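Colleague: model this:
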Amino acid sequence: MQKRIQELDVLRVLAMLFVVTYHFALQYVAEGIPCFNLFCTTVNYDFGNIAVTLFIALSGGLLYKKYGTIGFSEKGAFKEFYIKRFKTIYPPFWILSLYIPLTMIRHFMADGNVFFMGHPLKLLFTIVGFDGYVRQYGVDTYVFCGDWFVGAIVLLYLLFPLLAKCYRHRPYLTLSTLAVLYSCQYLIPAEYDDVFGALPVTLSLKFCVGFMLVENLDRLKDLRLVLVSAVVFVVLTFVDIPGRINTDCLGTIAALALFVVVLYIAPFLLRFRTLRLPVQKLAKLSYCVFLVQHVGIVWAQMAFIKIFERMHWNFTEWNVMVLLCLTFAVIFLASWILKRISDTIVKFFTFSNDFNKKSLMTIDQ
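Modeller: From the prediction side, this is the model:
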C-alpha cells in the first residue's frame, strides 16, 4: 500500500477552499450583496480556475503514480481501475441527484409538467454525470449538483489509460503535443472563452502536467524553483497582462506556480497538530465538497437573506465574511454526511457481492 503524500493533501484542501470562496463571492455579488474580493478574481485569472487546475493535476498525478508507471498489463487491471473510479465518482453524485425526481414530482403537482427541462432523454446526461459538463456548451439539462467538474473528471478517467501510455513512453512529446493543441484553441472565437477551461484538450493538458508534477516532487522542492514560482504567482496575481491569453493560460500557470510554493511550505505547516488534523480530515471530503458546494452556497444564502430581512439587518463586507464561515460549516457538514452515506452504500454492495461469490464457490464445491 502506497504511503499517502500529506503535502498534496494541503494542496487539495487549499483548492477546495478556493472553489468555495470563489463561488460564494460570485453568488453574493450577483445578488447585489457587498462582498470582499477574497480568493475570487484577480486582474488575470480567477481562483475557480486555480482550484480546478489543482484538482485535475492532483488527480492525474496521483493516478499516474499508482497505475501509470506500471501500465495495465496485469489481468483485470483495467477492470479494477474503472470499478474503483466508479465507486468514487458515482455513488455520492447519484445520491445528491435524487433531488431531481423530487423536483420533477413538484413540477408535476404544480403545472403538470414532469419533464420541466425538456426531453426526458436529457436525464441520461445526469445518469452518466455529464449534465453540468454539457451545459457548458449551451445544452439545457437537469443538472443539480457537481457543476461541470463531474463530467470533466469522468472524461479524464476514460482517457487516462491512453494518456498514461503516451506519457510513459514519450513524456515530452505527449506534453508538447497537448500544449500545441491547447494553443490552437485560441483560434476559436473569443465569444466561446467561457468554455475554454472545460475543453477536452485543456483538461487533458492539465491532467498530464499532473503526471509530471507528482513524478518529480523532490525536484520541485528546490529553493530556487520555489522562489521563482513565488515571484511568478505574485506577478500574475497583481500585474495586469492584457489579451485573451489570460482566459485560462495565466490561471493555469499561476496554479502550477502555487503548486510548487505550497508543496515546499506544506511540511512546515504540517508540523502543527492544529493544522495537520483538519487537513487530514478535510482532504478526504474534497470530492463531496465539490458536489455540494454550489447548492450549499445558494441555500445558505437564501436562509441568510430571510434572517437579515426579518431582523432588519444590513449586509456589509464584514458580516458577509462571517456568513462565509457559516457557509463553510454547512458545506463541510453536508459533505461529511454525504460521504458517510455513500461509503456505507458502497461497502454494503461490495459485501453483498463478495458474499454471493463465496456462496456460489461453496455450492460449486
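
Colleague: how near is A190 to T247?
Modeller: Look at A190 and T247: by Cβ to Cβ, to the nearest Å, they are 8 Å apart. Bear in mind the C-beta positions are built from the backbone N, C-alpha and C, glycine included.

Colleague: next one: I297
Modeller: I297 is 24 Å from T247, by Cβ to Cβ.

Colleague: who's more crowded, those two?
Modeller: I297 (23 against 19; other Cβ atoms under 10 Å).

Colleague: was I right about that one contacting F24?
Modeller: Yes: assessed by Cβ atoms under 8 Å, I297 is found in contact with F24 at 5.3 Å.

Colleague: what residues are shared contacts of those two?
Modeller: The contact sets of I297 and F24 overlap at T327 (Cβ atoms under 8 Å, 6 or more residues apart in numbering).

Colleague: ok, longest helix in the protein?
Modeller: Criterion DSSP state H: the longest helix present in the chain is helix 317-364.

Colleague: quick one: distance of that one to the chain centre.
Modeller: 17 Å (Cα atoms, centre = their mean, to the nearest Å).

Colleague: pLDDT averaged over that helix, what's the number?
Modeller: Mean pLDDT, helix 317-364: 82.

Colleague: for it, name the packing helices and strands.
Modeller: helix 6-30, helix 77-97, helix 286-311 (3 or more Cβ pairs under 8 Å, 6 or more residues apart in numbering; DSSP states H and E).

Colleague: orientation of the helix or strand following the second one relative to helix 286-311 in degrees?
Modeller: Along the chain past helix 77-97, the next helix or strand (assigned with DSSP states H and E) turns out to be helix 99-111. Using axes from the mean of the first three to the mean of the last three Cα atoms, to 10 degrees, the interaxial angle of helix 99-111 with respect to helix 286-311 works out to 40 degrees.

Colleague: quick check: buried residues in helix 99-111?
Modeller: I100, M104 (16 or more other Cβ atoms under 10 Å).

Colleague: which parts of the helix or strand just after that helix are buried?
Modeller: Downstream of helix 99-111, the first helix or strand assigned by DSSP H and E is helix 123-127. Neighbour counts over helix 123-127 (16+ other Cβ under 10 Å) mark L123, F125, T126 as buried.

Colleague: name the nearest residue to the first one, ignoring sequence neighbours.
Modeller: Spelled out, it's L123. Y142 (5.8 Å; Cβ to Cβ, 6 or more residues apart in numbering).

Colleague: nice, that's everything, thank you.
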